[in-house]
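A.B. asks: After the sequence you'll find the predicted model.
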Amino acid sequence: MAQKNGDTMLNIIMTPIRAFRLRYVPLLLIYFAYGASGFIGIAESFWVKEELNLSAEDLVALGVWLLVPWTIKMIFGQLVDSVKILGSNRKIYVYIGASLMALGTTLLIGLSGEASWLASYPKESVYVFASVISMVGFVIQDVVADTMSTEVVDTTKSQEDINKELAMIQVLARLSLGFAVFIMGWIGGELASIYSYEKMFTISLFIPVISVLGVTFVRLNEVETTPLNKQIFFGGLLFAVFIVVVGYNEIPYSQEIVFIISISVVLYFLSTIIDDLDKDTIRHIKMAMIIIFVYRAMPSVGPSVQWWQIDVLHFDKAFFAKLSLIGGGLALAGMWISAKYIVNQSIGKVLIWLTVIGTILSLPILGLYYDIHTMLGLDARTVAVVDAALISPFDYIAGVLMLTLVAIYAPEGKKGTWFALMASLMNLAMSAGRLLTKYLNQMFVVTREIKDDNGVVTTVANYSELGSLLWIVIVVGFLVPILTILIYDPKVNTGKESQ
C-alpha cells in the first residue's frame, strides 16, 4: 500500500512535467512575463505611497481604468485572427505588446528619476498613462497566448484527449504565471530595499524581453487568417474611442457609464459568436458565466490595508517580499499538486469550497486590526506569514476551470475573438468588484499621511474606518457568491462536458 501511495504521489508530481511540450514555450513565456510584472509591485506600492498624491479612492479608480484594455480585447482578438503585419499574425503582436510594456516602464523610470523631459507634466497623470500603456501591452500579448493555447494541441488525438490537453495547457500556463509570481515578487521585494525606485523600474525592463524570447527562438506554425468580423472590430473600436472620450473629459459617473456600456457590448458580441452552438451548450455556458461573474465581482478592501500594515504594523519591503515568496510558492505547489484532478471538478462545487475557505482565511487580518494577536501573545508578522501560507493556493483554481471551459468551446477560426470576449466578460466582473470597492471606500474613508514638497502634513493618517470596511467585504464576499451558486449551479463538470 505504501509503495502504491508513493507511486501515486510521484505521478501527481510528474504530471505537469510529462505534459510539457516544446511547442508550449512561447505562450508559457508570455504568461511568465505577466507574472513577472509583480517584480516591481512592492517597490511601486511604496513609491506611490511616498511620492504620489493619490488617495485610496483614486487608486481604486485607477484599477477600474486599468481593466478597460482587458474589456476591449475583442479588438486585439480580431487583429490576431484576421490581420497579418509583416506576414505574421502571432509573433508580430507579441513584439508590439513588448514595445508598449517597455514604453510604459521607460515613463516610470523618467518619473521616478525626476527626468527633465517629464518635469512639465503632473506626476499622477504620467503614472496613470504609463500604467495604461503597459497594461495594453500585456493585453495584446495575452490575446496571442490565449489563441495559441488552442493551436499547440496535437489534433491527431481523439476529442477526449484533445480536451484533456487543452485543460493541461491551462494548468501549465497558470503554473508558469505562478512560478513568476513566486520568484519575481520575492526578488523584487528584496531588491527594493537595496536599490532606488528609478533603478528598480530600470531593472524591470527585463520583463518585455522575456515575453519575446519564446516567439523569437521557437518556430510557430503558420496560421491562416479568417475574414475580419467588421461588426465586432469596428464596433469594438468605436467602443474604445467612446471609453477614451468619456474618461478624458471626466464626465460624471464615467466609470459606471463605461461599465454598463461595456457589459452590454460584450454580451451582444458574445451572443453573435455562439449562435452556431447547440442550445444546451449555450445554456451551460451562460449559467457558468453568471456564477463566475458574481464570484469575481466581489469587492475588496483596497490599498488601505497595505497602508495600515506599513504605518501601524510596520511591515517593510523585505517582509512584503517574504510574504510574496511564501504566497507565490504555495500557490505554485497547490496548482502543481491539483493539476491531475482540478479540471474534473464541478464549477459550483469548487467555488463554494473556495468561498468558504477564502472567508475563513480573511479572519486573521480582521483579528490583526482588532489587536487580537496581542491578546494571544502572537507577533503580527507571524500571523501575516501563516495567513499568506494558507490562503495562497486557492486563487488560481477558479481561473483554470474557467479557461478550460473557454478553450473547449472555442469556435474554429474565431478563437482569438472568442477568448478575448470571454476574458473581457471576466474582467468586467473584476471592474464591477472595483467599482463596489470604490463605493465602500467613499463610505468608509481611510487615509494615510500625506506631506507636501515642504514636508508639511496635508492629510493625516486615519484608519478608524478600516475595521468596518473589513467586516463588510468579508460578509458580502461570503453571502453573495454562495447564494448565487445555490441558485444557478449548472453542475458543469468540464471532464464530462467536453466529451
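C.D. replies: Nice, I can see it.
A.B. asks: Without its sequence neighbours, what residue ends up closest to Leu428?
C.D. replies: Ile263 (5.2 Å; C-beta to C-beta, 6 or more residues apart in numbering). Placement of C-beta: from N, CA and C, glycine included.
A.B. asks: Would you confirm that the one you found contacts Met426?
C.D. replies: No. In this structure, Ile263 is not within contact of Met426 by C-beta atoms under 8 Å, at 11.4 Å.
A.B. asks: Mind checking which of those two has more residues around it?
C.D. replies: Legend: neighbour count by other C-beta atoms under 10 Å for Ile263 and Met426, higher for Met426 (24 against 18).
A.B. asks: For stretch 201-221, give me every contacting residue.
C.D. replies: For stretch 201-221, contacts defined as C-beta atoms under 8 Å, 6 or more residues apart in numbering pick out 22-23, 25-30, 32-34, 36-37, 39-40, 43, 90-91, 94-95, 97-99, 101-102, 105-106, 108-109, 112, 137, 141, 148, 151, 188, 191, 195.
A.B. asks: and it, how far out from the chain's middle?
C.D. replies: 19 Å (C-alpha atoms, centre = their mean, to the nearest Å).
A.B. asks: Endpoint to endpoint, stretch 142-158 covers what distance?
C.D. replies: This stretch, stretch 142-158, spans 28 Å end to end (C-alpha to C-alpha, to the nearest Å).
A.B. asks: buried set for it?
C.D. replies: Residues of stretch 142-158 classed as buried: 142-153 (neighbour count, 16 or more other C-beta atoms under 10 Å).
A.B. asks: chain center to it, what's the gap?
C.D. replies: Using C-alpha atoms, centre = their mean, the offset of stretch 142-158 from its chain centre is 21 Å.
A.B. asks: And stretch 438-450, by the same measure?
C.D. replies: 24 Å.
A.B. asks: just to revisit the earlier point, among the buried residues of stretch 142-158, which ones are in helices?
C.D. replies: Counting by DSSP state H, the buried residues of stretch 142-158 place 142-148 in helices.
A.B. asks: Could you export those as JSON lines, including distance to Ala318 and pLDDT?
C.D. replies: Formatted as JSON lines, these follow (distance: C-beta to C-beta, whole Å; pLDDT from 0 to 100):
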{"residue": "Asp142", "distance to Ala318": "31", "pLDDT": "86"}
{"residue": "Val143", "distance to Ala318": "36", "pLDDT": "85"}
{"residue": "Val144", "distance to Ala318": "36", "pLDDT": "85"}
{"residue": "Ala145", "distance to Ala318": "33", "pLDDT": "84"}
{"residue": "Asp146", "distance to Ala318": "36", "pLDDT": "78"}
{"residue": "Thr147", "distance to Ala318": "40", "pLDDT": "79"}
{"residue": "Met148", "distance to Ala318": "38", "pLDDT": "79"}
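A.B. asks: Assumed the residue nearest to Leu428 was part of a helix.
C.D. replies: Yes. Ile263 sits within a helix when classified using DSSP: H, G, I helix; E, B strand; the rest coil.
A.B. asks: wait, Val128 sits on Trp65?
C.D. replies: Yes. Counting by C-beta under 8 Å, Val128 does reach Trp65; the two are 7.3 Å apart.
A.B. asks: quick one: contacts of the helix or strand where Val473 lies?
C.D. replies: Secondary structure from DSSP states H and E places Val473 in helix 466-488. When contacts are defined by C-beta under 8 Å, 6+ apart, helix 466-488 is touched by residues 287, 290-291, 294-295, 298-302, 304-305, 308, 348, 351-352, 355-356, 358-359, 362-363, 365-366, 369-370, 440-441, 444, 446.
A.B. asks: Could you pull up the mean pLDDT of the host helix or strand of Leu79?
C.D. replies: Under the criterion of DSSP H and E, Leu79 resides in helix 73-82. Computed over helix 73-82, the mean pLDDT rounds to 83.
A.B. asks: same deal with stretch 365-374?
C.D. replies: So the average pLDDT for stretch 365-374 ends up being 85.
A.B. asks: if I look at the residue nearest to Ile85 when sequence neighbours are not counted, how far off is Leu29?
C.D. replies: Nearest residue to Ile85, sequence neighbours excluded (C-beta to C-beta, 6+ apart): Ile92, at 4.6 Å. The gap separating Ile92 from Leu29 is 16 Å, by C-beta to C-beta, to the nearest Å.
A.B. asks: Next: Leu22.
C.D. replies: Leu22 is 12 Å from Leu29, by C-beta to C-beta.
A.B. asks: So which of those two has more stuff around it?
C.D. replies: Leu29 (25 against 9).
A.B. asks: For that one, list the residues it contacts.
C.D. replies: 176, 210-211, 213-214.
A.B. asks: repeat that for 7 Å
C.D. replies: By C-beta atoms under 7 Å, 6 or more residues apart in numbering, the contact list for Leu29 reads 210-211, 213-214.
A.B. asks: Gly433 too?
C.D. replies: Taking C-beta under 7 Å, 6+ apart, one finds 296-300 in contact with Gly433.
A.B. asks: Tell me where the model's unsure across the chain.
C.D. replies: 1-13, 64, 218-223, 247-250, 276-277, 324-347, 385-416, 453, 490-499 (pLDDT under 70).
A.B. asks: ok, how many other residues are close to the spatially closest residue to Ile42 that is not a sequence neighbour?
C.D. replies: Of all residues not flanking Ile42 in the chain, Gly189 sits nearest, at 4.2 Å (C-beta to C-beta, 6+ apart). Neighbour count for Gly189, taken as other C-beta under 10 Å: 27.
A.B. asks: which residues sit in contact with Leu100?
C.D. replies: Residues near Leu100 by C-beta under 7 Å, 6+ apart: 133-134, 136-137.
A.B. asks: can you redo these as a markdown table with distance to Leu166 and neighbour count?
C.D. replies: Formatted as a markdown table, the contacts of Leu100 follow (distance: C-beta to C-beta, whole Å; neighbours: other C-beta atoms under 10 Å):
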| residue | distance to Leu166 | neighbour count |
| --- | --- | --- |
| Ile133 | 32 | 19 |
| Ser134 | 29 | 26 |
| Val136 | 27 | 22 |
| Gly137 | 26 | 26 |
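A.B. asks: Closest one of those to Ser431?
C.D. replies: Val136 (15.9 Å; C-beta to C-beta).
A.B. asks: Please look at the closest one and Trp70 and confirm they touch.
C.D. replies: No. Between Val136 and Trp70 there is no contact under C-beta atoms under 7 Å: 9.5 Å.
A.B. asks: Ignoring the adjacent residues along the chain, who's closest to Asp489?
C.D. replies: Closest to Asp489 by C-beta to C-beta, 6+ apart is Gly348, at 3.5 Å.
A.B. asks: Return the distance of the one you found relative to Val245.
C.D. replies: 40 Å.
A.B. asks: now Leu270
C.D. replies: 24 Å.
A.B. asks: same thing with Phe259?
C.D. replies: 16 Å.
A.B. asks: do Val126 as well
C.D. replies: Val126 is 21 Å from Val245, by C-beta to C-beta.
A.B. asks: what about the two, which has more around it?
C.D. replies: Val126 (16 against 11).
A.B. asks: Surely that one and Trp117 touch.
C.D. replies: No. Judged on C-beta under 7 Å, Val126 makes no contact with Trp117 at a distance of 10.6 Å.
A.B. asks: And stretch 448-468, end to end?
C.D. replies: 17 Å.
A.B. asks: buried sites along that stretch?
C.D. replies: Counting neighbours by 16+ other C-beta under 10 Å, stretch 448-468 gives 448, 450, 463, 465-466 as buried.
A.B. asks: likewise stretch 20-30?
C.D. replies: For stretch 20-30, the buried set under the neighbour-count rule, 16+ other C-beta under 10 Å, comprises 23-30.
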